[in-house]
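Engineer: This is a predicted model, with the sequence first.
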Amino acid sequence: MSEKIQGNIAIPGIAIGKIMKVGQSLDGYMAAYTPGSAEEELSKLEEAIDTISAAIDESVEAMRAAGQDEQAEIMEAHSFLLMDPMLTDGMNDKTREMGHAPKAVLEAAQECAEMLAGMDDEYMRERSADVKDIGRRIARHLLGVKEPEIGEEPVVLCGFEVEPSAIANIPDDKIAGVIMGQGSTTCHAVIIAKSRAITTVVGLENRVEDIPEGVKVLLDGNEGLVLVNPSADELVAYEAKIKAQQEEQKRLDALKDLPAETTDGVKVQLAANIGLPEDAEAAAKFGNQGVGLFRSEFLFMGRENIPDEDLQFEAYKRAIVACKGETCVIRTMDIGGDKPLAYLNIPHEDNPFLGYRAIRISLERPALFMPQLKGILRAGVYGKAAIMCPMVINVDEIKAVREAVNKAMAELEAEGKEYSKDVELGIMVETPAAAVMTPVLAKYVDFFSIGTNDLVQYTLAVDRVNPQISKLYDHFNPAVLQLIYRTIKSGVDNGKWVGMCGEMASDPYAAVILMAMGITELSMSAPSIPKVKEQIRSVSMDEAKAHLERVMTMETGAEIREYLHSKI
Amino acid sequence: MQELNLKVLNKPGLHARPAKELVKFNKGIESDVVIKFNGKSANIKSMMAVMALGAKQDAEVTVTIEGPDEADVAKAVTEMFANGFGFPDEL
């Protein structure tokens, strides 16, 4: 039997490979190192910096050529830091003082990293791990530690922290997975792994030390589980699991080009939720019809300034073109105190989810909102675009947005830029206030899209990330269903279309009753589309309506869930 | 040597963007430019050092400039501080 170590899910998938340890202690090498004279140490240091700097530049170029822009950008930051005199002077001064280049390098990098970690600038704080990564790389070079050799068999990188550069430097066919002791799923290493779909498990803490170099591991990224030295039986069992997954996938793939309609021919649009424009292209393999939620805030994150109108225009255009004539719903920036961006300068808040965020910021800051609206209106020329406003609680807000859109159009007109006059304007119904007021709001919008993640959280007063109360978080709670039903009816009564873009839309059981309520669009993460489609194609509208009628008489979410799971 | 007393106008202070602009600017001049604030000093050739000053909006900093082109540099630096280092959206 293998030794099983439970970690946390970071990037799903199943991977088998040989452990390659990274970020290991350099103590042994340090002890074996004999420093030369101060002059010799300094010239060794210079050579090491030049070598590593050239290697970084070379890999940045290779990544750009391979279209791995995200990865390239992270490595470019390394190159920038390595040119900063604060780091290089520190390394030189300490080498002169200590007469021991490798030790000096680590110490200088550590000092810089600590300084950066203490800054109140998010961009620089994130660079702290990068500086340490650079320091270790130079030290390894000085100590003559061989860069890990990669054989035929794919490797699973393992360390408390895995340096982004370590992942970046291994080609796709040679890296099977990543295991980390630390628990963050938003660090640079995970972002790089995600951009290349490398199965990753994090949060093993010190237990990473118990995994020896070179052993075979099975990584179950779907469960956050690491099996060290998997037995033949376990490998067989996992093979069966992988096979079952593949078979289900085949069945679902076959649905790709079939319409999402009930057995009696009532259709619903199944759209994709995306974060970046390229996701809209990737969604096509799941048979999406357009985009129901483009989370535009991703364009605003990981930067030092507001993305300008042209940059936003290009991003929206790319997504809209990928929608091939179907609607692309772009949600305006939804950021608040939970994801503070230095350039937004949002003061600390105790309760950012009820704070200064989303449309509340956009409406107060034209310098932020105008480039976004203008970018969307211009991109609208290339297909069918829609603007969706998050966090709306009253009629005044949607009126103000309409005014801002008119102003954006007037400015574009004056600037002689081409733009679309047919961009729809709607709101994300995610506050109980908006849901209650939908009969009134419907007069001012072209559509509603129900954002269930927040609607559930705000209606039930249940923080969705607090594990202690997670069982109270339920989209089938009758209070939530009443608000959803009300919203859909308000839309239908006023001739406006209603969609949904929260997690609930990807629940196949929910899809059936939502269609019975009159919803015409469901937007979800693209891989969920086939399962929802399969469910919809198995029921008739009459059946769905009968289920809805029953469900609306029930008193608890548990009862509803049980009913749907047994009857559909 | 020239000494200037300047005020940081950028809302986010002397953060990554202005610091990067200073590093770029430094490459084209001969003088040494040092910013002093709150008992710390930073040569503008180092982005990290400039940021480590922790100079926020409205901070009053002292800038010393020494070198053959110091008069021109002084003018240019004054201008950079005044126009938000070329980032009008931060003013």
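Structural biologist: Everything's here; your move.
Engineer: What is the burial count for the nearest residue to A:Val22 once chain neighbours are set aside?
Structural biologist: Counting by CB to CB, 6 or more residues apart in numbering or on different chains, A:Gly159 is the residue found nearest to A:Val22 once chain neighbours are left out, at 4.3 Å. Backbone N, C-alpha and C define where each C-beta goes, glycine included. Close neighbours of A:Gly159, defined as other CB atoms under 10 Å in any protein chain shown, add up to 21.
Engineer: OK, contacts around A:Gly159?
Structural biologist: The neighbourhood of A:Gly159, defined by CB atoms under 8 Å, 6 or more residues apart in numbering or on different chains, consists of A:21-24, A:166, A:179-181, A:208.
Engineer: Same list (the residues you listed) but as CSV, adding pLDDT, neighbour count and distance to A:Pro230.
Structural biologist: Below are those laid out as CSV (pLDDT from 0 to 100; neighbours: other CB atoms under 10 Å in any protein chain shown; distance: CB to CB, whole Å):
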residue, pLDDT, neighbour count, distance to A:Pro230
A:Lys21, 90, 20, 18
A:Val22, 86, 20, 21
A:Gly23, 76, 19, 24
A:Gln24, 73, 16, 23
A:Ala166, 83, 23, 24
A:Ile179, 96, 30, 14
A:Met180, 93, 29, 20
A:Gly181, 91, 20, 21
A:Val208, 91, 22, 17
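Engineer: so of those, which ones are in strands?
Structural biologist: Among the contacts of A:Gly159, the members found in strands (DSSP state E) are A:21, A:179-180.
Engineer: List just the nearest of these to chain B.
Structural biologist: When those are compared for distance to chain B, the smallest value, 26.4 Å, is given by A:Met180; criterion: CB to the nearest CB.
Engineer: Quickly note the distance from the closest one to A:Ile11.
Structural biologist: Spatial separation of A:Met180 from A:Ile11 under the definition CB to CB, to the nearest Å is 11 Å.
Engineer: residues in contact with residue 38?
Structural biologist: All of this refers to chain A. By CB under 8 Å, 6+ apart, the residues touching A:Ala38 are A:95-96, A:99.
Engineer: my question was about chain B
Structural biologist: Residues in contact with B:Asn38 (CB under 8 Å, 6+ apart) are B:53-55, B:59.
Engineer: shaky segments in chain A?
Structural biologist: In the predicted model, chain A carries pLDDT under 70 at residues A:1, A:120-123, A:148, A:186, A:302, A:337, A:465, A:467.
Engineer: which bits of it sit near chain B?
Structural biologist: A:80-81, A:84-87, A:89, A:112, A:115-116, A:119-121, A:123-124, A:304-306, A:342-343, A:345, A:367 (CB under 8 Å from any CB of the partner chain).
Engineer: Emit the PyMOL select command for whichever of these are buried.
Structural biologist: Buried subset of the residues of chain A next to chain B, written as a PyMOL selection, criterion 16 or more other CB atoms under 10 Å in any protein chain shown:
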select buried, chain A and resi 81+84+85+86+87+112+115+116+119+121+123+124+304+306+342+343
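Engineer: Bridging across strands, which residues link to B:Asn43?
Structural biologist: Beta-bridge pairing for B:Asn43 (DSSP bridges): B:Val34.
Engineer: Any figure for the gap between it and A:Ile568?
Structural biologist: As judged by CB to CB, B:Asn43 and A:Ile568 stand 69 Å apart.
Engineer: A:Glu114 now?
Structural biologist: 57 Å.
Engineer: And the strands in chain B?
Structural biologist: Under the criterion DSSP E, chain B carries strands at the ranges B:2-7, B:32-37, B:40-43, B:60-66.
Engineer: And B:Pro12, its phi and psi?
Structural biologist: Dihedral angles of B:Pro12 (phi, psi; degrees, to the nearest 10) stand at phi -80, psi 10.
Engineer: what number of residues lie near it?
Structural biologist: Using other CB under 10 Å as the criterion, B:Pro12 is surrounded by 22 other residues.
Engineer: Settle this for me: it is touching A:Leu344, isn't it.
Structural biologist: No - using CB atoms under 8 Å, B:Pro12 makes no contact with A:Leu344, being 9.1 Å away.
Engineer: quick one: secondary structure of A:Lys194?
Structural biologist: Local secondary structure at A:Lys194 is given as helix here, using DSSP: H, G, I helix; E, B strand; the rest coil.
Engineer: Now it: closest residue in space, sequence neighbours ignored.
Structural biologist: Computed as CB to CB, 6+ apart, the closest residue to A:Lys194 that is not its neighbour in sequence is A:Ile11, at 5.4 Å.
Engineer: which residues touch A:Pro530?
Structural biologist: Contacts of A:Pro530 were listed using CB under 8 Å, 6+ apart, and they are A:252-253, A:255-256, A:286-287.
Engineer: at 6 Å instead, please
Structural biologist: By CB atoms under 6 Å, 6 or more residues apart in numbering or on different chains, the contact set of A:Pro530 is A:252, A:255.
Engineer: Distance-wise, check it relative to A:Ala260.
Structural biologist: In this structure, A:Pro530 and A:Ala260 are separated by 10 Å, where distance is defined by CB to CB.
Engineer: which stretches of chain B have low pLDDT?
Structural biologist: Across chain B, not a single residue meets the criterion (pLDDT under 70).
Engineer: For A:Val329, which residues count as its bridge partners?
Structural biologist: Per DSSP bridges, the residues bridged to A:Val329 are A:Ala386.
Engineer: ok, it to A:Thr199 distance?
Structural biologist: Between A:Val329 and A:Thr199 the computed distance is 31 Å (CB to CB).
Engineer: of the two, who's got more company?
Structural biologist: A:Val329 (28 against 24).
Engineer: give the contact list for that one.
Structural biologist: Shown here is A:Val329, whose contacts under the criterion CB under 6 Å, 6+ apart are A:292-293, A:386, A:388.
Engineer: Among the residues you listed, name the ones in strands.
Structural biologist: Among the contacts of A:Val329, the ones falling in strands (DSSP E) are A:292-293, A:386, A:388.
Engineer: picking up where we left off before, return the member of the contacts of B:Asn38 nearest to chain A.
Structural biologist: Out of the contacts of B:Asn38, the one with the shortest distance to chain A is B:Gly54. That distance is 7.5 Å, counting by CB to the nearest CB.
Engineer: Skipping adjacent residues, who's closest to that closest one in space?
Structural biologist: Distances taken as CB to CB, 6+ apart put B:Asn38 closest to B:Gly54, at 6.9 Å, once the chain neighbours are dropped.
Engineer: Get me the contact residues on chain B for chain A.
Structural biologist: Remark: the part of chain B in contact with chain A comprises B:11-12, B:15-17, B:45-49, B:51-52, B:89, using CB under 6 Å from any CB of the partner chain.
Engineer: can you tell which of the strands of chain B is closest to A:Ala139?
Structural biologist: Among the strands of chain B, strand B:40-43 comes nearest to A:Ala139, with 25.7 Å by CB to CB.
Engineer: buried ones in that closest one?
Structural biologist: B:42-43.
Engineer: for that strand, packing partners?
Structural biologist: Judged by 3 or more CB pairs under 6 Å, 6 or more residues apart in numbering or on different chains; DSSP states H and E, strand B:40-43 is in contact with strand B:32-37.
Engineer: Just the C-alpha atoms of the strand it packs on, please, in PDB.
Structural biologist: Listed in PDB are the C-alpha atoms of strand B:32-37, where the atom choice follows Å, rounded to 0.1, in the frame of the first residue of the first chain:
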ATOM      1  CA  ASP B  32      23.600  61.100  -9.400                       C
ATOM      2  CA  VAL B  33      20.000  61.700  -8.200                       C
ATOM      3  CA  VAL B  34      19.200  60.800  -4.600                       C
ATOM      4  CA  ILE B  35      15.800  61.200  -2.900                       C
ATOM      5  CA  LYS B  36      15.700  61.600   0.800                       C
ATOM      6  CA  PHE B  37      12.600  61.100   2.900                       C
END
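Engineer: now the helices for the stretch 351-500 of chain A?
Structural biologist: In chain order, the stretch 351-500 of chain A shows helices spanning A:359-362, A:366-379, A:395-415, A:432-436, A:438-441, A:452-460, A:478-493, with DSSP state H, counting those that start in this stretch as the criterion.
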